[in-house]
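1. sequence? don't have it. structure:
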């Protein structure tokens, strides 16, 4: 009986460690993607806010953060007019100022 408890306890610990490590890997991957986006922020924002009257932008853990997108859009003549969120993804709608 003790052997069974030790084996079950070890399996539970191994499962917990595996889930924790996989989650940490995802966070690291998201952080790297966000860092890459930040390094290219001006080019990404220039491309996205290139003069269209309405622009939709997605914000996720892998993209520029919300604040950076909003500030970048405002600097390029756009105002945030709508937003929605589902899980860890936000959809932002911008309208070009007249």
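-> Nice, I can see it. Because the structure is predicted, anything quoted here is derived from the model rather than measured. Numbering: from 1, shown residues only.
2. Run through the bridge partners of residue 86.
-> residue 89 (DSSP bridges).
3. cool, and residue 78?
-> According to DSSP bridges, beta-bridge pairing links residue 78 with residue 96.
4. How about the contacts made by it?
-> Applying CB atoms under 8 Å, 6 or more residues apart in numbering to residue 78 gives the contacts 49, 55, 94-97. For glycine as for every other residue, the C-beta is placed from the backbone atoms N, C-alpha and C.
5. isn't there a helix covering residue 38?
-> Yes: if the criterion is DSSP: H, G, I helix; E, B strand; the rest coil, then residue 38 is within a helix.
6. any idea how far it lies from residue 56?
-> Counting by CB to CB, to the nearest Å, the separation of residue 38 from residue 56 is 21 Å.
7. just to revisit the earlier point, out of the contacts of residue 78, flag the one nearest to residue 32.
-> residue 49 (24.6 Å; CB to CB).
8. quick one: contacts for that closest one?
-> The neighbourhood of residue 49, defined by CB under 8 Å, 6+ apart, consists of 55, 72-73, 76-78, 94.
9. Make a markdown table from these and add secondary structure and distance to residue 42 to it.
-> What follows is the contacts of residue 49, written out as a markdown table (DSSP: H, G, I helix; E, B strand; the rest coil; distance: CB to CB, whole Å):
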| residue | secondary structure | distance to residue 42 |
| --- | --- | --- |
| 55 | strand | 16 |
| 72 | helix | 8 |
| 73 | helix | 13 |
| 76 | coil | 10 |
| 77 | coil | 15 |
| 78 | strand | 15 |
| 94 | strand | 17 |
